[in-house]
Each structure stands twice: as C-alpha cells, then as structure tokens.
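Q: My questions are about this predicted structure, shown below with the sequence.
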Protein chains: 2
Amino acid sequence: MTLESSNLIGSRTSKAGANGQRDVLTRLRTDIVSSVFEPETRLKFADMTKRYDVGIGTLREALSQLASEGFVTVEAGKGFKVAPVSASELIEITDHFIAFEKRAVREAIAYGGEDWETNIVAVHHRLSLIEGLPWERRMERHSEWVERHREFHEAIVSACQGKWLFRLRSIMFDQLDRYRFVTKRAPDGLGGRKFEEHRDIMTATLDRDADLASNLIEQHIRDTSEQAIKLL
Amino acid sequence: MTLESSNLIGSRTSKAGANGQRDVLTRLRTDIVSSVFEPETRLKFADMTKRYDVGIGTLREALSQLASEGFVTVEAGKGFKVAPVSASELIEITDHFIAFEKRAVREAIAYGGEDWETNIVAVHHRLSLIEGLPWERRMERHSEWVERHREFHEAIVSACQGKWLFRLRSIMFDQLDRYRFVTKRAPDGLGGRKFEEHRDIMTATLDRDADLASNLIEQHIRDTSEQAIKLL
DNA sequence: AACCTTCATATTTTCGAAAATAAGGCTATA
DNA sequence: TATAGCCTTATTTTCGAAAATATGAAGGTT
C-alpha cells in the first residue's frame, strides 16, 4: 500500500510517505526557498533543533542532503550556511533548466501514455484552482501554489525516458524555486498571465506538439527569471 | 593553514583535509566504484560500522550523501542498497557528461590563466608517471590511477566559469568512474592508447584549440564507454 | 604597539544506546 | 491447505550526551 518508491535527488515523495514525524528535510528546504533564512545565514544546531524539534543527528543528515542539492554550503568544522544567491547564478541555472526541460518534454511527448496524459490534466486542474483565485486569496495560499506549480511541471516531463535527465532537471527546478520566490511580491500583472501560460503548455503537450510545447516552456521560464533578476 | 575550502557536490577536497579519521564518504564511494559491493547489495549498518570503524550516525550521513550522488538507493525503513548498473544508464551518463565537458572545456580555454595552465601540466605529469609504467606495475597502482585520472580531467575544465556546469559535469564524471572500472580488466591495447590521448588533450587545451580539444575529449570518453558496454 | 601563548567559551562532530519499524515464523481457525 | 493474527527477531532510525574542534578574550613577551 505505502508505495514509497526508491527515490531520486530532490524527490518529494518522501514527504507524502507520512512516516511519523514531519519531514525535516522538506520543511528546512521550504524555509530556505522562502527566504525565512537569508543567504549566508549560519544555521546553528542549537537553534535548528529547537525550531524543528528533532535531534542533532537527524538535523545534520538533512543539512548534509541540502548541501548536495546546493541550498546550503558546508565548511568542515565551521558548520552549515545558507547558500548565497546572485544574478549570474540565476542566469546559469535558468539556462541549464531550460535546456534540460526542452529535451525532457520532447521525450515525454514521444513516450507518454494515457496515465501520463491523465495525470497532467488532473495536476493542472489543482494548479488552476489556486491560480484562478483573486489576488488576495491566492497570496494566502502561496506555499501551496509552489507545491502545485512544481507538480504541474514535473507531470509534463514525467514520461521522459532519461532517468538522469529527469533528475538533473529536478535539481535545477528546485534551485529556480528559490529565485522564483522573489517574484511572489511582483505586481499581479504577471500572475494573471501565468494562468494562461500553464494552460497553453498543457494543451500543446497533450496535442503532442513538441516544438510548440518546447517553445512555450522556454518563454514561460525565461520570463519568470527575467522578472526575478529585476527584483533581485 | 588548513584551507579546507567550502565544497561542491562530489568534491574530494575534504579527503585531503586530513581531518583526524579517514573520510568514510570517500572510502565508501571508492568501494562502490571498485565493485567491492555488487550492485543491488544491501548495505547493513551492522556490517558497515565494523568495516569502516565509525558510528552509525556518521555512516548514515555518508550513505545519505552517496544517495544524492546516485551511487546508492534508499528506501524509507528498508535501508540502503548499492545502485544498479545498466548499459542504458551508461549511455545516458556518457551523453550528458560529454555535453557538459565539451562546454566546460570551451569556457576553460576562454577564461583560463597561467595558474590553470601550470596546474594542468603538473597534474598531467603525475598521471603520466603511472600511465607510462609497464602493465603489471600499473595495475598495482590502479586506485591511484583513478585518482590521478580524475584530477587530470578536472584540471582541464577547472577554469570554466559556470559553477553549476562544473558541478554537473563532476557528478557525471563520478558516475562514469563506476562504469570505467570494468575496463580495468581490458587487454592492454587500450591502456597504451590512453597515454597518448591524454597528452593530446592537454596539448590541444594549452594551445587554446577549443574545437580540437573538444573533439578529442569526446572521442576519448566515447571510446572508453564503448569498451565498458562490451564488457558489461 | 604588535605578536604570540594560554585559557575559557561556544559550536560542531561523533558515537552508541534506546525507540521505532519491518521481516519472518508460528499457531489457531476456517 | 490457506489465511489471518500475533509474537519474535533483525534492522533501521532517532536522539542527546560526550569528545573534538573552533572562536574569542586576556595576559605576557619582544
């Protein structure tokens, strides 16, 4: 019943596993993505164990994992710090992600079956429920939106064959999330457009129009990153 | 004095840090790369703590890290297993690595300075000391060769500007190491050719001939991977 | 004053015992 | 015989105390 598949880097399936205590790794990553801890902040064990109510060992494992994913840096003997952010890194991450995602969506369109299609429709619907909300109410549920947004883009490429391609694009997506966060404060002009962009990406993908889907995704990501750079 | 730089994924600098006890992470990774543990083997804590003489917590952190790098898989509640190998994965890893490495070498050639050049020459010399040895003696020092070989290829691209590009190529290189191991047993015909290939790659790079260096590297990697596939 | 040494404090890192969980075997029941 | 439930064993996962290490301050020497 509890499927709990053997996982990849950045897989969030572990969270869904409801394995007793709330997943520290996920909560900590969310807090870093949400800028609860500013870049370069030292993450002391004394504070963190109280905040997340876990033992030192468990916390250390989570931080070590986040270091692999690039969210924190670690210096032997000095402990962990939140990784810095910069415009140049955002540009690089954006380029890598777009390159991966375009290849992934082509593979997905080539190999995806009925389950893949159905999942896209389902996940998109859940995303649109939040994106269709008026400005105020949508902001209240921003953290939920982040999750749905991630699930949507993951669903689109989930049928891609390359395991490493999927893995690498997921690492980059998580990094982008961190920068994407700054656009939360952006004027609602952008928010409305995203609604349609996601719809168009879904339609092109289900129509198996690889060229169109590929281009729409690139535009979608690049727009968001450019917004983020301005606000950085 | 103890520099111990803040590190990236797969960085082996931590090992050099001589921080008291021998780095479990490195030893464990080496053992997996060297097929001391076969793919799919369960890695039980009871055995591992005895083998590496470290506590459970420390071991768990190392295994968790290796999971991020893709050398082991982890299933909640079931523990850790050595990741499987397959021809199709080798092909995918090879393609990703070559794509990264070709871009990285171009950047390195464009931005590398005198220190970069000097380091390449130095590291290549240390590699050639082993590669010039007769068959028997070279095999004795195979694990050392693995290290020198890694250092050589890393030195070539070390001046590349993209931090993530470097990081991603390093992850892929480590994965290739695992498959490369099977060619250890290959007849010496290949071993001799590698000596010259490395020399040519170095020369082309120092001559700042990006096209040539790029092509030589691709050939070099693809040859090795094809050998590995035959022996898999 | 600048520099080195020493000591005290703060923080990280390691470790193994204890709790939690999964796997396998046994008996009772249909 | 097959199935379900329980008990026992094997293994993982968590936790905080203790060891190791770094930081910073005070005092002494050139």
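A: Alright, I've got the coordinates.
Q: residue contacts, the residue nearest the centre of chain A?
A: The residue lying closest to the centre of chain A (CA atoms, centre = their mean) is residue A:174, at 3.9 Å. With contacts defined as CB atoms under 8 Å, 6 or more residues apart in numbering or on different chains, residue A:174 is in contact with A:10, A:29, A:33, A:69, A:71. Glycine gets a C-beta too; all of them are placed from N, C-alpha and C.
Q: thought residue A:94 was touching residue A:221?
A: Yes. Under the criterion of CB atoms under 8 Å, residue A:94 makes contact with residue A:221 at 6.4 Å.
Q: Mutual contacts of the two, please.
A: Common contacts of residue A:94 and residue A:221, defined by CB under 8 Å, 6+ apart, comprise residue A:176.
Q: returning to what we had before: in helices, which of the contacts of residue A:174 appear?
A: Counting by DSSP state H, the contacts of residue A:174 place A:29, A:33, A:69 in helices.
Q: now the helices: where do they sit in chain A?
A: Secondary structure of chain A by DSSP H: the helices cover A:13-16, A:24-33, A:45-52, A:56-69, A:87-111, A:114-131, A:135-140, A:142-157, A:163-180, A:188-206, A:210-231.
Q: for DNA strand C, what are the nearby residues on chain A?
A: By the rule CB under 7 Å from any atom of the strand, the part of chain A lying against DNA strand C is A:2, A:19-20, A:42-46, A:56-57, A:60, A:74, A:76-80.
Q: May I ask which two of the contacts of residue A:174 are separated the most?
A: A:10 and A:33 (11.9 Å; CB to CB).
Q: and the two? which has more neighbours close in?
A: residue A:10 (22 against 19; other CB atoms under 10 Å in any protein chain shown).
Q: thinking again about what came up before, where's the residue nearest to the centre of chain A relative to residue A:230, distance?
A: 22 Å (CB to CB, to the nearest Å).
Q: any weak-confidence spans in chain A?
A: Low-confidence segments of chain A (pLDDT under 70): A:1-22, A:184-192.
Q: at 80 what do you get?
A: Applying pLDDT under 80 to chain A flags the ranges A:1-22, A:182-192, A:232.
Q: Can you name the residue of it nearest to chain B?
A: residue A:68 (3.6 Å; CB to the nearest CB).
Q: Distance-wise, check residue A:57 relative to residue A:63.
A: 11 Å.
Q: about what we covered before: if any of the residues of chain A next to DNA strand C are buried, put those into a PyMOL selection.
A: Buried residues within the residues of chain A next to DNA strand C, by 16 or more other CB atoms under 10 Å in any protein chain shown, are selected in PyMOL with:
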select buried, chain A and resi 43+60+74+80
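Q: out of the residues of chain A next to DNA strand C, which touch chain B?
A: By CB under 8 Å from any CB of the partner chain, the members of the residues of chain A next to DNA strand C lying near chain B are A:19, A:57, A:60, A:74, A:76, A:77.
Q: Including distance to DNA strand D, could those residues go into a markdown table?
A: Below are those laid out as a markdown table (distance: CB to the nearest atom of the strand, whole Å):
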| residue | distance to DNA strand D |
| --- | --- |
| A:19 | 7 |
| A:57 | 3 |
| A:60 | 8 |
| A:74 | 13 |
| A:76 | 7 |
| A:77 | 3 |
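Q: Am I right that residue A:149 is in contact with residue A:127?
A: Yes. Residue A:149 lies in contact with residue A:127 (CB under 8 Å); the separation is 6.3 Å.
Q: Of those two, give the one with the bigger neighbour count.
A: A direct count of neighbours by other CB under 10 Å for residue A:149 and residue A:127 places residue A:127 higher, at 25 against 19.
Q: contacting residues around that one?
A: Residue A:127 neighbours (CB under 8 Å, 6+ apart): A:145, A:148, A:149, A:151, A:152, A:198.
Q: Kindly recompute the last result at 7 Å.
A: A:148, A:149, A:152, A:198 (CB atoms under 7 Å, 6 or more residues apart in numbering or on different chains).
Q: Next: residue A:163.
A: B:89, B:92.
Q: If we use 10 Å, what do you get?
A: Counting by CB atoms under 10 Å, 6 or more residues apart in numbering or on different chains, residue A:163 touches A:8, B:70, B:86, B:88, B:89, B:92, B:93.
Q: So for residue A:149 and residue A:127, which residues contact both of them?
A: By CB under 10 Å, 6+ apart, the residues touching both residue A:149 and residue A:127 are A:194, A:198.
Q: Next, the buried residues of stretch A:156-171.
A: For stretch A:156-171, a neighbour-count test (16+ other CB under 10 Å) marks A:156-160, A:162, A:164-171 as buried.
Q: Look up phi and psi at residue A:34.
A: The phi/psi pair for residue A:34 (degrees, to the nearest 10) reads phi -80, psi 10.
Q: With residue A:39 instead?
A: phi -50, psi 150.
Q: pretty sure it contacts residue A:83?
A: Yes. Between residue A:39 and residue A:83 there is a contact under CB atoms under 10 Å: 6.6 Å.
Q: which residues do those two both contact?
A: A:32, A:72, A:73, A:178.
Q: biggest separation within the residues you listed, which pair?
A: A:73 and A:178 (13.8 Å).
Q: Would you tell me which one of the helices of chain A is buried the most?
A: Ranked by mean neighbour count, those are led by helix A:163-180 with a mean of 22 (mean count of other CB atoms under 10 Å in any protein chain shown).
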